[in-house]
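A.B. asks: any chance you can model this:
(4 chains)
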There are 2 protein chains.
Amino acid sequence: MNKKLNHGSDSKAATIYQVAKLAGCAVSTVSRVVNKHQNVSSKTKEKVHSAMAQLNYRPNTVASSLASQRSNCVGVLVSELASEFFGTFTGAVESVLREHNKHIIVTAGHGDAASEKEGINFLIDRNCDALILHVEALSDEYLNELCQGDIPIVIVNRELSDFPNNCIGIDNELGGFKATSKAIEFGHCDIAYISGPLKKHDAHARWDGHLRALAQASIAYDPALFIEAEFSQESGAKALLELLAQNKPFSCVVCGNDEIACGVMSAARDAKMHLPNALSIVGFDNSNVASYTYPKLSSVDYPIAQIGKAAGLLVLKHVYVIEAATAAVPFSPTFINRASLQSKL
Amino acid sequence: MNKKLNHGSDSKAATIYQVAKLAGCAVSTVSRVVNKHQNVSSKTKEKVHSAMAQLNYRPNTVASSLASQRSNCVGVLVSELASEFFGTFTGAVESVLREHNKHIIVTAGHGDAASEKEGINFLIDRNCDALILHVEALSDEYLNELCQGDIPIVIVNRELSDFPNNCIGIDNELGGFKATSKAIEFGHCDIAYISGPLKKHDAHARWDGHLRALAQASIAYDPALFIEAEFSQESGAKALLELLAQNKPFSCVVCGNDEIACGVMSAARDAKMHLPNALSIVGFDNSNVASYTYPKLSSVDYPIAQIGKAAGLLVLKHVYVIEAATAAVPFSPTFINRASLQSKL
DNA sequence: TTGTATGCGTTATCAG
DNA sequence: CTGATAACGCATACAA
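C.D. replies: Numbers count the residues shown, from 1 in each chain, chains lettered A, B, ... in the order given. Take a look at the predicted model:
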């Protein structure tokens, strides 16, 4: 045997060989007790445990992953790390998984297809046991192909008709519909809409819902009252200024998400408009900020934490074959009315 | 040679053996072109590239990591994933690193020592090339020990006197001092303080700064005006109610962070207090929500994105020996005055 | 119940 | 400039 093998007792981290030697058994036995496999006599089990403790042994997960083709890690892709929304999501996934000693590797897709693809490849390369993806830009075709691959996939915020069981999320179109419908119900007729980037599927679906609500109420769609913005506060503020500059009247602005709505609210107040009298505002996501604002923001609830939890439970069940407590329930968007939407009736 | 070796052309992902065979060269040569090592004749380089393309070859990073003892990954530990603050931080780290094809693995420490330790071990086990840690509960002793270990460490939000070069962050004590000093400068004498959990080092340091500001202005510290809360909106709201219930006057409340401040603001408005006349509020972090609130929140700026960037650059430089553009500048807390702090003068 | 031997897919050393 | 092969640390089929 080559003496270069790290089976000695250097200062480096202890290997399975060292604990086997110290325990007076074979490496396979150590492996068995580490992984709680099969029957190991309690006597040797004892010896192995003591040896592991002495050497402060911690299994090398990389080697383990290579040998077993399994990593105990699930990959999570979100659009942005720098966001409370996605933070809540990944946090929920992590806490569910961590209860069963599974870990997550998170990466960002930045909302464009190339970057999302790169992120997914990174996760696959890291040998993840499953992937939980909140993609926005990737095509259905690509996702369909992915779902047919070797690695289990959970898609969030998207509905793939060919793989309904892989998808968890709310109906964004219905959410958008509810938002605008509620505004109409409250007597608003001139309703502006500030959307997120339409290349993002969720943004587009929400807008579709808006249009359907308009149509159902027989309100003509006025392109001048539509602006495609980014999902950000700054972009929302800018969009409101553009709308105001047109001198076209509108009493309510429905926004693609809460961040846009916050920007609108800021800009409106800077323009000395009295809220919510002069302008009603409705958001989407029902994020924490919705209750920070003044007036508090009416918004469509997007139960992102529950969705994250459900996604985690799904992989626990199907990939690790751990039947976790609660089954995933279907999620439906709910309108949460607060002060920012004023009734005109 | 054993025929079970995955050197054939199964449906599985292509290995380096397959591309070597197809390119008509040795695996070591393939490895060289993949890693852009040494000199490879442009002719064989060509053949290898074409073989890789044909097989859609992607190196197995796990195997690579095992063999090279290097992962191109840096581990990031934050308190919570579900937070805009930490999201911004990890996002900044990621974008700096990603420019050089380095990746991050994020995990949460949940603000308690055992969990932070577990998270750090997880990252070490994943073979991270370096660790960037935002810890709150771990002791200085533990961190000192960690810094003496084999794996490069960057500590954020903490100052280890023995390892100044490993630490990046602002002076929380000074930040807390500035917050309360500004309130005093604006004529406030009865100043309540709602702190984060004192077991967290940053929370404690901010409070220390508050006490120093009081002392410097010869204002007696009144324990009744101090509440230890959680870093959350709910906790802040609850704390304000407790303060109000005492019937002790105070014209200003300084908060351990912006989330607490938002909770205070909500609760104050629910109590029909007119802001900022009836009560001044100051936060800490200068997070995005600071500009969502009404009145806009005065806060101590914590440049978390820049700190994340600096941390990323630090490991780029010292671990990967990539001299990146900007050097890390020292960060100093700045008070950002907005509308929520009212002058009494 | 325990031990032996080999593979997992790379990297890197050392010849050639 | 290129090839052969040990080593990385562990898992597991098979043998004992």
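A.B. asks: tell me which element the spatially closest residue to residue A:96 that is not a sequence neighbour falls in.
C.D. replies: Leaving aside its chain neighbours, residue A:96 sits nearest to residue A:312 (3.3 Å; criterion: Cβ to Cβ, 6 or more residues apart in numbering or on different chains). For glycine as for every other residue, the C-beta is placed from the backbone atoms N, C-alpha and C. Applying DSSP states H and E as the criterion places residue A:312 in helix A:304-318.
A.B. asks: ok so, going back, if I look at the residue nearest to residue A:96, what pLDDT would I see?
C.D. replies: As predicted, residue A:312 sits at a pLDDT of 94.
A.B. asks: picking up where we left off before, distance from the helix holding residue A:312 to the middle of the chain?
C.D. replies: Centroid separation for helix A:304-318 versus its chain: 10 Å, with Cα atoms, centre = their mean, to the nearest Å.
A.B. asks: next: stretch A:240-248.
C.D. replies: Using Cα atoms, centre = their mean, the offset of stretch A:240-248 from its chain centre is 34 Å.
A.B. asks: so that stretch, near chain B or not?
C.D. replies: No - using Cβ under 8 Å from any Cβ of the partner chain, stretch A:240-248 never reaches chain B; the gap is at least 14.6 Å.
A.B. asks: can you give me the buried ones in that stretch?
C.D. replies: A:240, A:243, A:244 (16 or more other Cβ atoms under 10 Å in any protein chain shown).
A.B. asks: rewinding a little: the helix holding residue A:312: what's the following helix or strand?
C.D. replies: Following helix A:304-318 in sequence, per DSSP H and E, is strand A:334-336.
A.B. asks: buried residues, that following strand. List them.
C.D. replies: Residues of strand A:334-336 classed as buried by neighbour count (16+ other Cβ under 10 Å): A:335, A:336.
A.B. asks: what pLDDT, on average, does that strand get?
C.D. replies: 96.
A.B. asks: what is it packed up against?
C.D. replies: If contacts are counted by 3 or more Cβ pairs under 8 Å, 6 or more residues apart in numbering or on different chains; DSSP states H and E, strand A:334-336 sits against helix A:172-185, strand A:298-301.
A.B. asks: okay, these, which one's buried deepest?
C.D. replies: With neighbours taken as mean count of other Cβ atoms under 10 Å in any protein chain shown, the helices and strands packed on strand A:334-336 reach their highest mean count in strand A:298-301, at a mean of 26.
A.B. asks: output that one as CSV, nothing but the C-alphas.
C.D. replies: Provided in CSV are the C-alpha atoms of strand A:298-301 (Å, rounded to 0.1, in the frame of the first residue of the first chain):
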residue,chain,number,x,y,z
SER,A,298,-54.1,46.4,0.1
SER,A,299,-52.6,43.5,-1.7
VAL,A,300,-53.1,40.0,-3.1
ASP,A,301,-51.7,37.5,-0.7
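A.B. asks: partners of it, with directions?
C.D. replies: Sheet pairing of strand A:298-301 (DSSP bridges) gives strand A:280-285 (parallel), strand A:334-336 (antiparallel).
A.B. asks: you'd agree residue A:174 is up against residue A:333?
C.D. replies: Yes - counting by Cβ atoms under 8 Å, residue A:174 does reach residue A:333; the two are 5.5 Å apart.
A.B. asks: out of the helices and strands packed on strand A:334-336, which comes closest to DNA strand C?
C.D. replies: When the helices and strands packed on strand A:334-336 are compared by Cβ to the nearest atom of the strand, helix A:172-185 sits nearest DNA strand C, at 38.7 Å.
A.B. asks: which residues touch that closest one?
C.D. replies: A:157, A:191, A:193, A:201-202, A:205-210, A:212-214, A:216-217, A:219, A:252, A:254, A:280, A:282, A:284, A:298, A:300, A:302, A:332-335, A:337, A:341 (Cβ atoms under 8 Å, 6 or more residues apart in numbering or on different chains).
A.B. asks: could you do stretch A:215-227 as well?
C.D. replies: A:181, A:184, A:189-195, A:207, A:211, A:214, A:239, A:242-243, A:246, A:248, A:250.
A.B. asks: and what of stretch A:192-204?
C.D. replies: For stretch A:192-204, using Cβ under 8 Å, 6+ apart, the contacting residues are A:111, A:136-137, A:157-158, A:172, A:180, A:206-207, A:210, A:225-231, A:236, A:239-240, A:243, A:250, A:252-257, A:260, A:264.
A.B. asks: how about stretch A:47-66?
C.D. replies: By Cβ under 8 Å, 6+ apart, stretch A:47-66 touches A:13-16, A:18-20, A:22-25, A:29-30, A:33-34, A:40, A:71-72, A:127, B:60, B:62-63, B:65-66, B:71, B:121, B:125-127.
A.B. asks: is it up against DNA strand D anywhere?
C.D. replies: Yes - Stretch A:47-66 is in contact with DNA strand D by Cβ under 7 Å from any atom of the strand, via A:57, A:59, A:60, A:63, A:64, A:66.
A.B. asks: chain A: helices as residue ranges?
C.D. replies: Remark: helices assigned in chain A by DSSP state H are A:16-23, A:27-34, A:42-55, A:61-68, A:84-98, A:113-125, A:140-147, A:172-185, A:201-216, A:233-245, A:258-270, A:289-292, A:304-318.
A.B. asks: what's the span of stretch A:32-43, first residue to last?
C.D. replies: Taking Cα to Cα, to the nearest Å, stretch A:32-43 runs 14 Å from one end to the other.
A.B. asks: so is it next to DNA strand C?
C.D. replies: Yes - under the criterion of Cβ under 7 Å from any atom of the strand, DNA strand C is reached by stretch A:32-43 at A:32, A:38, A:39, A:40, A:41, A:43.
A.B. asks: ok, which pair from those residues is furthest apart?
C.D. replies: A:38 and A:43 (15.2 Å; Cβ to Cβ).
A.B. asks: what's around the residue of chain A found nearest DNA strand C, how many residues?
C.D. replies: Distances between chain A and DNA strand C by Cβ to the nearest atom of the strand are smallest at residue A:39, namely 2.3 Å. For residue A:39, the count of nearby residues is 7 (other Cβ atoms under 10 Å in any protein chain shown).
A.B. asks: coming back round to it: among the buried residues of stretch A:240-248, which one lies nearest to residue B:271?
C.D. replies: Scanning those for proximity to residue B:271, where the rule is Cβ to Cβ, the winner is residue A:240, at 30.8 Å.
A.B. asks: picking up where we left off before, and the contacts of the helix holding residue A:312?
C.D. replies: A:74, A:85, A:88-97, A:100, A:102, A:129-130, A:132, A:152, A:154, A:156-157, A:168-170, A:285, A:322-329, A:331, B:82.
A.B. asks: give me the buried subset of these.
C.D. replies: Buried among the contacts of helix A:304-318 by 16+ other Cβ under 10 Å: A:74, A:85, A:88-97, A:102, A:129-130, A:132, A:152, A:154, A:156-157, A:168-170, A:285, A:324, A:328, A:331, B:82.
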